[in-house]
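S.K.: Sequence first, predicted coordinates after that:
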Amino acid sequence: MDILTSTPTSTVDSPTAEQDVLATSLQQVFGYRAFRKGQREVIERSLQVQDTLVIMPTGGGKSMCYQLPALVLSGVTVVVSPLISLMKDQVDSLLQSGVAAAYLNSSLPREQSADVLRKLHAGDIKLLYVSPERLLRPDFIERLQSIDVAMFAVDEAHCISQWGHDFRPEYAALGQLKQYFPYIPLMALTATADHATRLSICERLNITPYTLLSSFDRPNIRYTVAEKLNAANQLRQFVTVQNGASGIVYCSSRRRVDEVAERLRLQGFNAQAYHAGMSQEERADVQDRFLKDQVDIVVATVAFGMGINKSNVRFVVHYDIPKSIEAYYQETGRAGRDGLDAEAYMLFDPADIGRVRHLIEQSEP
């Protein structure tokens, strides 16, 4: 694996050749003129084959931390992602930027999967997105051991920790990566991880990383909490003021999602429902039309939105209280990713606490 040596920016007076390459790629491929705070340091550490832990707010530029070094390093960067919709979203965006990216998951027909694998062995892919289940299959590990892997990136890394707000058992086995690939740098990324979750992530992944802990402040988002009196009327008034802007309305149950979406449509708003009770094709269609600004409002359970790459979401409404502070931060953080003003509006009713607690108790840990 060819890597470039680097010096942290804080000690550099004039740009090194590597920094020129990074800055040039940042502008020419991704269209950004400058790094956001912390991005360059993390990228340089990964180029020095160091494991890294990136805690950066939603919309803070986490994906750039592994996408840019993937272009500089030889070989393929393997990205572990928890959601099929997230993989497709990221890969479509990279392909539009001219980056050789692909994904492997259960949604791909066998012929397309075979084509991705052929390109992988030919060295024609720079970024490959996979689910944790696919990554840890013995035949796939063996396949990766026969090619040039530059780096592993574990996105939404809080999913690996039982202290995290969105623990996923299939993530727990990712610690095996360091057993199979002890000399390949690993980057773990998440928007929300308290101290216990950060320790758990490092322990489970078997890494002692360079850690970037960014500020969680999102000054462009205005947070409002209102007492839930007549929720349907309050939502209608709030959405009317948004004047056709893109937004997400989170509800605590599928039934509530369907009810709220139908009511908004009857009130003349361009709204669609999104929840796990819908088919994969239906959900993909709603997400695709939302990303293309063909749908203004998505009414959803928390199944919608993790890692969604839509910069112009102007508001996020919590029709019911979220399951945790971390979940609330993650969900409201989907607004204003372009840095422009955005709204986070929550309707609060003490009676919701009991219902949400019941939903948590009924679900998997």
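M.R.: Great, that's in hand.

S.K.: Tell me how many other residues surround Asn233.
M.R.: The number of residues packed near Asn233 is 9, by other Cβ atoms under 10 Å. Every C-beta, even on glycine, is put in place using the N, C-alpha and C of the backbone.

S.K.: can you tell me the helix or strand for it?
M.R.: helix 231-242 (DSSP states H and E).

S.K.: partners of the following helix or strand past that helix, with directions?
M.R.: Next along the chain after helix 231-242, taking DSSP H and E as the criterion, comes strand 246-250. The strands beside strand 246-250 in its sheet (DSSP bridges) come out as strand 297-300 (parallel), strand 313-318 (parallel).

S.K.: could you point out which element follows strand 246-250?
M.R.: Next element after strand 246-250 (DSSP H and E): helix 254-266.

S.K.: Now do the lowest-mean-pLDDT helix or strand in the chain: which elements does it pack against?
M.R.: Lowest on mean pLDDT, DSSP states H and E among the helices and strands of the chain sits helix 350-362, with a mean of 75. With contacts defined as 3 or more Cβ pairs under 8 Å, 6 or more residues apart in numbering; DSSP states H and E, helix 350-362 has no helix or strand neighbours.

S.K.: Now that helix: buried residues?
M.R.: By neighbour count with 16 or more other Cβ atoms under 10 Å, helix 350-362 contains the buried residues Asp352, Val356.

S.K.: Might you report the residue contacts of the nearest residue to Gly244 once chain neighbours are set aside?
M.R.: Nearest residue to Gly244, sequence neighbours excluded (Cβ to Cβ, 6 or more residues apart in numbering): Asp296, at 5.8 Å. Contacts for Asp296 (Cβ atoms under 8 Å, 6 or more residues apart in numbering) come out as Gly244, Ala245, Ser246, Gly247, Phe269, Asn270, Ala271.

S.K.: which of these tops the neighbour count?
M.R.: Highest neighbour count within those, by other Cβ under 10 Å: Gly247, with 25 neighbours.

S.K.: what number of residues lie near the nearest residue to that residue once chain neighbours are set aside?
M.R.: Among residues not flanking Gly247 along the chain, Phe315 sits closest, at 4.0 Å (Cβ to Cβ, 6+ apart). Phe315 has 24 neighbours, counted by other Cβ under 10 Å.

S.K.: Report the beta-bridge partners for Phe315.
M.R.: Gly247, Glu343.

S.K.: Next, give phi and psi for His144.
M.R.: Let me fix one detail, which is that residue 144 is Leu and not His. Here is the backbone geometry of Leu144 (degrees, to the nearest 10): phi -60, psi -30.

S.K.: Measure how buried it is and give me the count.
M.R.: Residues near Leu144, counting by other Cβ under 10 Å: 20.

S.K.: For the nearest residue to it once chain neighbours are set aside, list the residues it contacts.
M.R.: Counting by Cβ to Cβ, 6+ apart, Val78 is the residue found nearest to Leu144 once chain neighbours are left out, at 7.0 Å. Applying Cβ under 8 Å, 6+ apart to Val78 gives the contacts Leu128, Val130, Leu135, Leu144, Val149, Met151, Phe152, Ala153.

S.K.: For the first one, give me its contacts.
M.R.: Leu128 makes contact with Val76, Thr77, Val78, Val79, Ala101, Ala102, Tyr103, Leu104, Val116, Leu120 under the criterion Cβ under 8 Å, 6+ apart.
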